[in-house]
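Trainee: With the sequence up front, the predicted model follows.
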Amino acid sequence: MRYAHTVDTVRKAEGGLMARLPDGTLMRRAAAGLAAVCARMLPRTYGARVVLLVGGGDNGGDALYAGALLARRGAAVRAVPAGSRVHEGGLAALRGAGGRTVPAPGAQGIADSPAAADIAGADLIVDGLVGIGGRGGLRAPHAGLAALAGAAEAPVVAVDLPSGIDPDTGAVTGPAVRADVTVTFGTHKPGLFVDPGAAHAGVVEYVDIGLGPELPGPRLECPQHADIAALLPRPTAESDKYRRGVLAMAVGSDRYRGAAVLAVGGALRMGVGMVRYAGSQGAVAEVLHHWPEVVASVLDPMDPVGSLPRRVAAWVVGSGRGLHPVAAAELETVLDSPRPVLADADAITLIGKDPRLLRDRSAPTLITPHAGELARLLPGTEREDIEAHRLDHAARAADEYGCTVLLKGSTTVIAEPGHPAVANPTGSPLLATAGSGDVLAGMIGALLAGGLTPREAAVCGAYLHGLAARVAHDGAAISASDLFDAVPRAVAALSPR
Ligand SMILES: NC(=O)C1=CN([C@@H]2O[C@H](COP(=O)(O)OP(=O)(O)OC[C@H]3O[C@@H](n4cnc5c(N)ncnc54)[C@H](OP(=O)(O)O)[C@@H]3O)[C@@H](O)[C@H]2O)[C@@H](O)CC1
Ligand SMILES: Nc1ncnc2c1ncn2[C@@H]1O[C@H](COP(=O)(O)OP(=O)(O)O)[C@@H](O)[C@H]1O
Ligand SMILES: [K+]
């Protein structure tokens with residue numbers, strides 16, 4: 001698991017540790033880790049042209065000390081100080097090691113300044129403009145330097161985080177650095193795992209500076225292969241189809257038969273004791289045509305709610321089901337069940353119209369909205385606000401509705417009251433294709449039926465869904481049905497032999 005902490009928490013932890021250590025120890029540890037990553041990225045350090053973009057705070061200090069270490073190993077290091085201040089100790093160390101400074105370009109003529117030429121000709125660019133002290137998009141001249149770095153061919157290494165991204169949320173509200181690698185110190189920062197910040201961070205490398213014992217519980221968790229492998233329910237010798245879990249699915253309709261086929265397929269390929277599908281005649285026929293292993297029943301038109309399956313371990317409801325009164329009555333009945341329920345798509349819209357449906361419920365519940373659906377649950381909030389501040393909105397909905405929320409999109413985040421949020425690291429834009437959300441709902445439903453909590457099931461389902469897209473992708477586009485065969489392969493990829 002990777003853990004991320006907010007700026008406030010990092011500052012407090014740093015204060016406690018610094019009080020016990022000689023001055024400058026943490027910065028030296030950070031700089032040593034940063035220089036080691038930079039050296040690994042260069043074919044050879046001796047003679048390499050390294051440009052440091054240096055802001056006025058300690059982030060710039062880290063860059064300067066790391067530059068000094070690289071200069072001692074023979075690199076030609078140039079520092080471009082931006083702003084009115086520069087870290088004096090770091091500057092002295094760089095100069096003492098043979099590094100040089102190049103004046104920051106003024107607002108005019110930035111493109112043909114000496115700094116621009118150095119950046120364009122660099123073998124490696126180190127972004128030490130701002131770190132956790134940054135606020136908002138980059139101002140001049142930082143923004144101009146970030147643009148030059150973006151246009152250069154050399155890889156960009158961000159110090160602690162890409163300058164211009166919000167450390168706590170990943171929001172990007174103006175010019176920001178796009179890094180190939182980010183070297184982060186002491187703990188990860190939430191903004192490194194949540195888009196749009198995550199997309200600016202590239203590969204994130206962690207450097208331990210001894211902050212761990214000072215840190216409280218994290219704000220955000222980011223699971224890795226081993227965390228998912230440890231959570232996943234696996235059949236044992238004692239398993240039978242009932243003990244493995246029976247999943248009831250009320251998804252799809254005559255109009256949206258595909259939603260039923262996709263969600264059921266996601267559940268089956270994830271692994272489940274049995275799927276009991278209930279729906280219209282057309283949807284049942286389609287489901288059985290694709291998945292003969294399903295136990296399916298056609299809802300009685302005279303008593304649709306009364307003919308829903310009973311004695312099941314968990315429910316998936318909503319995808320392609322419609323918003324008509326029968327769908328609303330069905331949802332109400334399902335949410336009356338003491339079993340875990342995953343409510344997706346149309347069920348979320350119905351909950352938005354009648355929030356009482358969820359607020360009255362105490363059994364485990366997971367909703368899986370995309371940003372547009374979540375906006376319907378949070379009146380006065382626009383889709384764009386949610387996409388820019390994913391963590392805050394998912395957490396707000398989880399608190400207001402008292403349930404687990406999986407917010408889909410470029411970074412899928414999972415929030416549950418009383419627990420740190422989770423950012424899924426496997427997401428891929430390949431998944432932005434109709435029906436892939438239905439497959440996800442089925443996969444998570446199978447995990448709920450297998451006994452995982454909503455938070456665990458959401459975390460494992462989102463992780464394997466993203467991994468399946470990557471496994472399925474052989475260079476061409478993928479469609480939602482391509483995910484079926486890839487799910488077992490994604491599970492196998494968790495524990496390489
Ligand atoms: N915590 C730890 O454990 C350790 C932390 N360490 C390191 O310290 C870093 C934090 O250093 P920090 O506190 O000095 O702040 P920092 O990120 O350099 O930014 C402040 C400067 O940025 C400027 N500025 C702000 N916003 C801006 C904008 N939009 N556009 C342009 N400029 C902007 C701001 O200017 P001002 O607003 O004051 O005019 C000020 O000059 C941390 O990320 C890590 O690298 C390590 O050494 C080891 C241990
Ligand atoms: N840009 C993106 N990057 C990563 N994942 C994405 C992106 N866009 C969409 N997804 C994922 O694709 C799936 C789409 O689900 P959803 O919006 O419910 O579509 P549908 O209802 O058509 O199935 C979700 O798992 C979502 O997280
Ligand atoms: K930085």
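Mentor: Done, it's in. Ligands and ions are numbered 1, 2, ... in the order given.

Trainee: part of a helix, is Val316?
Mentor: No: applying DSSP: H, G, I helix; E, B strand; the rest coil, one finds Val316 to be strand, outside a helix.

Trainee: Was I right to think it contacts Val246?
Mentor: No: contact criterion CB atoms under 8 Å: Val316 and Val246 do not qualify, at 12.0 Å. No exception for glycine: its C-beta is placed from N, CA and C like everyone else's.

Trainee: just for this structure, where's the confidence low?
Mentor: Scanning the chain with the threshold set as pLDDT under 70 gives 107-108, 497.

Trainee: Give me the domain ranges for it.
Mentor: 2-222, 225-494 (automatic domain parsing).

Trainee: which one of these lies closest to ligand 3?
Mentor: Of all the domains of the chain, domain 2-222 sits nearest to ligand 3, with 4.1 Å by CB to the ion.

Trainee: Quote the end-to-end distance of the closest one.
Mentor: 5 Å (CA to CA, to the nearest Å).

Trainee: and that domain, is it in reach of ligand 2?
Mentor: No: Domain 2-222 does not reach ligand 2 (CB under 6 Å from any ligand atom); its nearest approach is 7.8 Å.

Trainee: Neighbour count: Val316 and Val246, which is higher?
Mentor: In terms of neighbours (other CB atoms under 10 Å), Val316 is the more surrounded of Val316 and Val246; the figures are 34 against 20.

Trainee: Would you mind measuring from Ala314 to Asp62?
Mentor: 48 Å (CB to CB, to the nearest Å).

Trainee: Whichever residue of the stretch 51-200 of the chain sits closest to ligand 2: helix or strand, and which one exactly?
Mentor: Proximity of the stretch 51-200 of the chain to ligand 2 (CB to the nearest ligand atom) peaks at Asp195, 7.8 Å away. If you go by DSSP states H and E, Asp195 is not part of any helix or strand.

Trainee: Verify the stated contact: it with Arg390.
Mentor: Yes: Asp195 is within contact range of Arg390, at 7.2 Å (criterion: CB under 8 Å).

Trainee: Would you mind telling me which of these two has more residues around it?
Mentor: Neighbours per residue (other CB under 10 Å) separate Asp195 from Arg390, with Arg390 holding more: 28 against 22.

Trainee: Would you enumerate the residues in contact with that one?
Mentor: Arg390 sits next to 169-170, 194-195, 371, 407, 409, 411, 413 when contact means CB atoms under 8 Å, 6 or more residues apart in numbering.

Trainee: Just give me the closest of the residues you listed to Ala30.
Mentor: Gly170 (21.5 Å; CB to CB).

Trainee: Tell me how many other residues surround that closest one.
Mentor: 29.

Trainee: Nearest residue to it in space, please, no chain neighbours.
Mentor: In space, Gly170 comes closest to Gly197 once its chain neighbours are excluded; the distance is 3.0 Å by CB to CB, 6 or more residues apart in numbering.

Trainee: What does that neighbour show for phi and psi?
Mentor: phi -60, psi -40 (degrees, to the nearest 10).

Trainee: and what of Ala493?
Mentor: phi -70, psi -20.

Trainee: Can you give me every residue that contacts it?
Mentor: So Ala493 contacts 225, 467, 471 (CB under 8 Å, 6+ apart).

Trainee: quick one on the thing from earlier: just the contacts of Arg390 now: which is nearest Pro496?
Mentor: Using CB to CB, Thr411 is the member of the contacts of Arg390 that lies nearest Pro496, at 25.1 Å.

Trainee: you'd agree that closest one is up against Ala423?
Mentor: Yes: with contact defined as CB under 8 Å, Thr411 and Ala423 form a contacting pair (5.6 Å).

Trainee: Quick check: neighbours shared by the two?
Mentor: Residues touching both Thr411 and Ala423 by CB under 8 Å, 6+ apart: 193-194, 198.

Trainee: what secondary structure does Val275 sit in?
Mentor: strand.

Trainee: ok, now which ones touch it?
Mentor: 246-247, 249, 264, 267-268, 291, 293-295.

Trainee: if I pick the closest residue to it other than its chain neighbours, what's in contact with it?
Mentor: In space, Val275 comes closest to Val294 once its chain neighbours are excluded; the distance is 4.8 Å by CB to CB, 6+ apart. Going by CB under 8 Å, 6+ apart, Val294 touches 264, 268, 275-277, 287-288.

Trainee: Now the buried members of those.
Mentor: Buried subset of the contacts of Val294 (neighbour count, 16 or more other CB atoms under 10 Å): 264, 268, 275-277, 287-288.

Trainee: now these in TSV, with distance to ligand 3?
Mentor: Formatted as TSV, these follow (distance: CB to the ion, whole Å):
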residue	distance to ligand 3
Val264	47
Leu268	46
Val275	49
Arg276	53
Tyr277	51
Val287	52
Leu288	56
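
Trainee: which one of those is nearest Arg49?
Mentor: Ranked by distance to Arg49 (CB to CB), those are led by Leu268 at 55.7 Å.

Trainee: if I pick that closest one, what's in contact with it?
Mentor: Counting by CB under 8 Å, 6+ apart, the residues that Leu268 touches are 275, 291, 293-294, 442, 446.

Trainee: ranges for the helices of the stretch 351-497 of the chain?
Mentor: In the stretch 351-497 of the chain, the helices defined using DSSP state H, counting those that start in this stretch lie at 356-359, 371-377, 383-388, 390-401, 436-449, 454-472, 483-494.

Trainee: Among the ones you listed, show me which one is buried the most.
Mentor: helix 436-449 (a mean of 30; mean count of other CB atoms under 10 Å).

Trainee: Roughly how far does Glu382 sit from Gly442?
Mentor: Per CB to CB, Glu382 is found 30 Å from Gly442.

Trainee: re earlier: check the gap between the residue of the stretch 51-200 of the chain closest to ligand 2 and Glu330 for me.
Mentor: 35 Å.

Trainee: just Thr411 next, same as before
Mentor: 32 Å.

Trainee: and what of Tyr206?
Mentor: Distance, Tyr206 to Glu330, by CB to CB: 47 Å.

Trainee: ok, now Ala229?
Mentor: Taking CB to CB, one finds Ala229 at 36 Å from Glu330.

Trainee: Near ligand 1, which residues of this protein are found?
Mentor: 10, 14, 26-27, 30, 55-60, 62, 83, 130-139, 142, 159-160, 185-186, 209, 211.

Trainee: repeat that with 5 Å
Mentor: Taking CB under 5 Å from any ligand atom, the part of the chain that reaches ligand 1 is made up of 10, 14, 26-27, 30, 55-59, 62, 130-136, 138-139, 142, 160, 186.

Trainee: Give me the buried subset of the residues you listed.
Mentor: Buried members of these, counted by 16+ other CB under 10 Å: 10, 14, 26-27, 30, 55-59, 62, 130-132, 134, 138, 142, 160, 186.

Trainee: from those, which are also near ligand 3?
Mentor: Contacts with ligand 3 are made by Gly131 out of these, judged by CB under 5 Å from the ion.

Trainee: Now name the helix or strand holding Gly170.
Mentor: For Gly170, there is no enclosing helix or strand under DSSP H and E.

Trainee: Tell me the spacing between it and Asp112.
Mentor: For Gly170, the distance to Asp112 - CB to CB - is 34 Å.

Trainee: Only the buried residues of stretch 335-349, if you could.
Mentor: Neighbour-count burial for stretch 335-349 [16+ other CB under 10 Å]: 335, 337, 339-349.

Trainee: Am I right that Val77 sits in a strand?
Mentor: Yes: counting by three-state DSSP, Val77 falls inside a strand.

Trainee: Tell me the bridge partners for it.
Mentor: Judged by DSSP bridges, the bridge partners of Val77 are Val50.
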